[in-house]
Each structure stands twice: as C-alpha cells, then as structure tokens.
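A.B. asks: all I have is the shape, not the residue letters:
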C-alpha cells in the first residue's frame with residue numbers, strides 16, 4: 001500500500017542535500033516537516049542501513065549525506081522505502097467459479113507490476129540533486 005514514507009525520506013534527503021557539510025539534527029529536520037523527531041529518526045535509521053547517510057551523536061551531532069546528491073537516484077530512494085507499489089487486493093478470496101473472481105488478483109498483480117516498472121523508469125532518470133534544485 002502507498003504510505004508517506006517516500007515523501008518523508010525524500011524530504012529528509014533534500015534537506016541534507018541543501019547542507020552537505022553540516023550534520024542536521026532530527027529536531028531541525030522534524031521542524032521542517034512538522035513531524036515528531038522520533039518518526040524522522042526511524043527513517044534516518046533506514047537510510048543509515050542503506051549507507052546513504054551517516055550520523056553522529058552529541059551536542060553538534062546529527063545526520064548528513066554519505067554520498068553526493070548527484071549519485072542518488074529517486075528510484076534508489078523509492079526502493080529503500082518500498083519494495084513495490086501495491087494498491088491492494090480483495091480481503092476475501094474471490095469466487096474461483098466467477099469469470100472475474102478467478103482472475104482478478106492475477107490481473108491486478110500484472111497491473112501493479114507494470115505500474116512499478118513505469119515508476120522505476122521515471123524515477124531512475126532523476127537524481128536527488130535534480131530534485132533538490134527545484135527548491
């Protein structure tokens with residue numbers, strides 16, 4: 001299912017790209033997003049796991065990019081936040097004797113696969129730097 005994780009993650013990374021030499025605190029980032037810093041730290045943990053950012057603790061601590069914004073594609077960011085876009089399936093097991101019911105989930109799966117290919121293709125051509133330059 002679609003959630004706000006991609007938007008949160010790209011917001012964090014865009015802010016970090018604007019201050020490439022600085023460690024930004026989760027409080028500062030959260031203030032830009034009007035979110036609780038705990039939610040920001042959760043996404044930062046995922047970015048650390050994927051070797052996109054580094055963090056340091058302490059008075060002057062925070063998070064900064066490990067890679068150049070020009071080397072990070074929006075597709076890579078998308079794949080860090082989702083495996084795929086899934087708009088959902090029926091909660092009930094459809095009737096296998098029904099013309100539609102017997103193939104609905106298979107056809108939805110094919111549709112979602114096609115959507116994901118298009119998303120990946122479009123996002124792979126946009127770097128974090130490209131996106132960041134819009135601000």
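C.D. replies: Yes, it's here. All values reported here derive from a predicted model rather than from experimental measurement. Numbers count the residues shown, from 1 in each chain.
A.B. asks: what about residue 55, which SS state?
C.D. replies: strand (DSSP: H, G, I helix; E, B strand; the rest coil).
A.B. asks: quick check: it touching residue 66?
C.D. replies: No - using CB atoms under 8 Å, residue 55 makes no contact with residue 66, being 10.0 Å away. In short, each C-beta sits where N, CA and C put it, glycine included.
A.B. asks: burial measure for the closest residue to residue 60 other than its chain neighbours, as a count.
C.D. replies: Leaving aside its sequence neighbours, residue 60 sits nearest to residue 23 (CB to CB, 6 or more residues apart in numbering; 6.6 Å). Number of residues near residue 23 (other CB atoms under 10 Å) recorded here: 18.
A.B. asks: residues in contact with residue 23?
C.D. replies: Taking CB atoms under 8 Å, 6 or more residues apart in numbering as the criterion, residue 23 is in contact with 55-56, 60-64.
A.B. asks: same thing with residue 89?
C.D. replies: Per CB under 8 Å, 6+ apart, neighbours of residue 89: 105, 108-109.
A.B. asks: so which helix or strand takes in it?
C.D. replies: Per DSSP states H and E: residue 89 is located in neither a helix nor a strand.
A.B. asks: how close does it get to residue 96?
C.D. replies: From residue 89 across to residue 96, the span is 15 Å (CB to CB, to the nearest Å).
A.B. asks: related to what we said a few turns ago, so which of the contacts of residue 23 wins on neighbours?
C.D. replies: residue 63 (26 neighbours).
A.B. asks: are we agreed that it is in a strand?
C.D. replies: Yes - Residue 63: assigned to a strand according to three-state DSSP.
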